[in-house]
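Peer 1: just the structure for this:
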Amino acid sequence: MRAALRFLAGAVAGLLIVLLLGAAPAQAAGYRYWSFWRWSDGGWVYQQQGPAVHVPADGEVEGWRFAVSPDGGQQAARPGPAGDFAALCTGTPAEAGRKRVAVVLDFGGPADAPAHETPPEPRTACAVVPTRASSAEVLATVAPPLRYDGNGLLCAIAGYPRTGCGEQLGGAARPTGTASPSAGAGPADATGASAAGASPGAAGPVLGVGAGLALVLAVAAGARWQSRRRR
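Peer 2: Numbers count the residues shown, from 1 in each chain. Got it, this is the predicted structure:
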């Protein structure tokens, strides 16, 4: 009887371990893409409008970051360099009927790069464009060639990367310098389009854990009853 109880205790412990391991949340999928940002109040803020829609004002600073980011959107990696308009556009005089928009390009690190590609060093530029120019037109002025896919997703800036476009990778850890977590979105958000929501599996196996614990308690109660009956 004691041997049977020891066996039952081991089985219960093993079941608990399996249930707890199964309760661990799945790692979020990562996407490799360019995210779009604007400089505001001393920091980078995720741009809610796509570059083809947003029309920056004179004196704005826009940032682009290429990285592998989980879920994309506001969870994407921010550009590393700061967006000081006065410093970025120094030496570029204002022109009547035109506007100046500073641009920061962060090509990411080796961990973000596609296979067999080396990310360029970060760069900045000061675009002088017509007052009604969109962010896409600003970017095309300072960082050609741009590459888009058939759905209008921005795939490459200044020719980087040569191939690929917002491809989904396996589970991805958050890169250094990412924004604070918020509502997730897919890589289509790089152009301001509405995209997917939270990662699949976020709810976790809560029901399975509860049912498993109930089973463990039932088995333990049954064993205790059997033990008392045979005494």
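Peer 1: okay, CA-based contacts and neighbour counts for the rest of this
Peer 2: Fine.
Peer 1: which residues belonging to the longest strand anywhere in the chain are considered buried?
Peer 2: Taking DSSP state E as the criterion, the chain has its longest strand at strand 29-40. Neighbour counts over strand 29-40 (16 or more other CA atoms under 10 Å) mark Ala29, Gly30, Tyr31, Arg32, Tyr33, Trp34, Ser35, Phe36, Trp37, Arg38, Trp39 as buried.
Peer 1: other SSEs contacting it?
Peer 2: On a contact count with 3 or more CA pairs under 8 Å, 6 or more residues apart in numbering; DSSP states H and E, strand 29-40 meets strand 43-46, strand 61-70, strand 154-156, strand 168-171.
Peer 1: and the helices in this structure?
Peer 2: 2-22, 85-88, 135-142, 206-230 (DSSP state H).
Peer 1: could you give me the average pLDDT of the longest one?
Peer 2: In other words, helix 206-230. Here helix 206-230 scores 49 as its mean pLDDT.
Peer 1: got it, and the second one?
Peer 2: Averaging pLDDT along helix 85-88 gives 96.
Peer 1: still on that earlier bit, closest one of the buried residues of strand 29-40 to Ala115?
Peer 2: Arg32 (11.8 Å; CA to CA).
Peer 1: is the closest one in a bridge, and if so with what?
Peer 2: Val68 (DSSP bridges).
Peer 1: pLDDT at it, what is it?
Peer 2: On the pLDDT scale, Arg32 gets 94.
Peer 1: residues contacting it?
Peer 2: Listed by CA atoms under 8 Å, 6 or more residues apart in numbering, the contact partners of Arg32 are Phe66, Ala67, Val68, Ser69, Asp112, Cys165, Gly166, Glu167, Gln168, Leu169, Pro187.
Peer 1: okay, the third one: pLDDT?
Peer 2: As summarised for this prediction, Val68 has a pLDDT of 93.
Peer 1: tell me what the nearest residue to Trp44 once chain neighbours are set aside is bridged to.
Peer 2: Of all residues not flanking Trp44 in the chain, Arg38 sits nearest, at 5.6 Å (CA to CA, 6 or more residues apart in numbering). Per DSSP bridges, the residues bridged to Arg38 are Val45, Glu62.
Peer 1: give the contact list for Arg38.
Peer 2: Trp44, Val45, Tyr46, Gln47, Glu60, Val61, Glu62, Gly63.
Peer 1: ok so, going back, and the longest strand of the chain, C-alpha only, in PDB?
Peer 2: Written as PDB, here are the backbone C-alpha positions of strand 29-40 (Å, rounded to 0.1, in the frame of the first residue of the first chain):
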ATOM      1  CA  ALA A  29       6.600  35.700 -33.500                       C
ATOM      2  CA  GLY A  30       8.900  38.200 -34.900                       C
ATOM      3  CA  TYR A  31       8.800  40.300 -38.200                       C
ATOM      4  CA  ARG A  32      11.700  41.900 -40.000                       C
ATOM      5  CA  TYR A  33      10.600  45.200 -41.400                       C
ATOM      6  CA  TRP A  34      11.000  49.000 -41.400                       C
ATOM      7  CA  SER A  35       9.000  50.800 -38.700                       C
ATOM      8  CA  PHE A  36       8.000  54.500 -38.900                       C
ATOM      9  CA  TRP A  37       8.500  57.000 -36.100                       C
ATOM     10  CA  ARG A  38       8.400  60.800 -35.300                       C
ATOM     11  CA  TRP A  39      10.400  62.800 -32.800                       C
ATOM     12  CA  SER A  40       8.200  64.400 -30.100                       C
END
